[in-house]
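> Sharing a model that was predicted from the sequence below.
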Amino acid sequence: MMKIKFLTKYRFALAILASLIVIIAFGWGFLTKTQVTKATSLTWRPARQVVESALLQKVLTENFQLVNSENFPDVNQVKVVTLAAENKYFVFDFHTLKVCGTAGCLYSAYTTDGQNILSLMLNPQLPKGFSLLVQSAEKRNGYPCLDVFQQNSNELVSSSHFCLNSGQLVLLNQSLKEIEL
């Protein structure tokens, strides 16, 4: 009888406590899947110094269609940035006109095991204060997200936010930022 009165008297408090436990458990699960830290600027380095030669050869083979006796671009010119969290991936800049057009030049992202997770045509010419690529503060599934900036007009730069989902970097959000003159 005493137990029933105790439970009846504190029923509301127990319901709130149970709700808080559920909210905390859900929040903890979300935080372990998506973590936010500080955004990181990226530095381009020679690919030969950063990437294993087998991966570099695979990337070149997949991104260039050679005609007759045409050669691959100079491997020494290929640059790469590394985006790292628990897992990492590379974004390649081929530094050759063979993969450039009116929309810009080809940039390709690969995981360390050689999976192509993104290819974009980007114009590297940006106004002062903007970087082409920035490692986002957000992480998904152990991989850092990527922010890509492109100039849209004399007044605007677009920011595209990509995160790894189902084996590909997927566009999650886009916004426009004004260029401060």
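Looks like it arrived, so ask away.
> Buried residues, the helix or strand encompassing residue 49. List them.
Taking DSSP states H and E as the criterion, residue 49 maps to helix 47-50. Burial within helix 47-50, assessed by neighbour count using 16 or more other CB atoms under 10 Å, is assigned to residue 47. Heads up, the C-betas are built off the backbone N, CA and C, glycines and all.
> Just the CA trace of it, in CSV.
Extracted in CSV, the C-alpha atoms of helix 47-50 (Å, rounded to 0.1, in the frame of the first residue of the first chain):
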residue,chain,number,x,y,z
ALA,A,47,50.3,14.7,-54.0
ARG,A,48,53.5,12.6,-54.3
GLN,A,49,54.4,13.6,-50.7
VAL,A,50,51.0,12.8,-49.2
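> so what secondary structure elements neighbour it?
Identification of packing neighbours for helix 47-50 by 3 or more CB pairs under 8 Å, 6 or more residues apart in numbering; DSSP states H and E yields strand 79-84, strand 88-93.
> Give me whichever of those strands is most buried.
Of all those, strand 88-93 carries the top mean neighbour count, a mean of 21, counting by mean count of other CB atoms under 10 Å.
> For it, give me every contacting residue.
42, 44, 47, 50-51, 55, 59, 63, 78-83, 105, 107-112, 117-118, 124, 133, 143-144, 146, 164 (CB atoms under 8 Å, 6 or more residues apart in numbering).
> re the thing from before, any chance of the helices and strands packed on helix 47-50 in TSV with mean pLDDT and distance to residue 100 as columns?
Shown next, in TSV, are the helices and strands packed on helix 47-50 (pLDDT from 0 to 100; distance: least, CB to CB, whole Å):
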stretch	mean pLDDT	distance to residue 100
strand 79-84	94	14
strand 88-93	96	11
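> hmm, back to that, gap between whichever helix or strand comes after the helix holding residue 49 and the chain center?
Sequence order places helix 53-63 as the next helix or strand after helix 47-50, per DSSP H and E. With CA atoms, centre = their mean, to the nearest Å as the basis, helix 53-63 stands 20 Å off its chain's centre.
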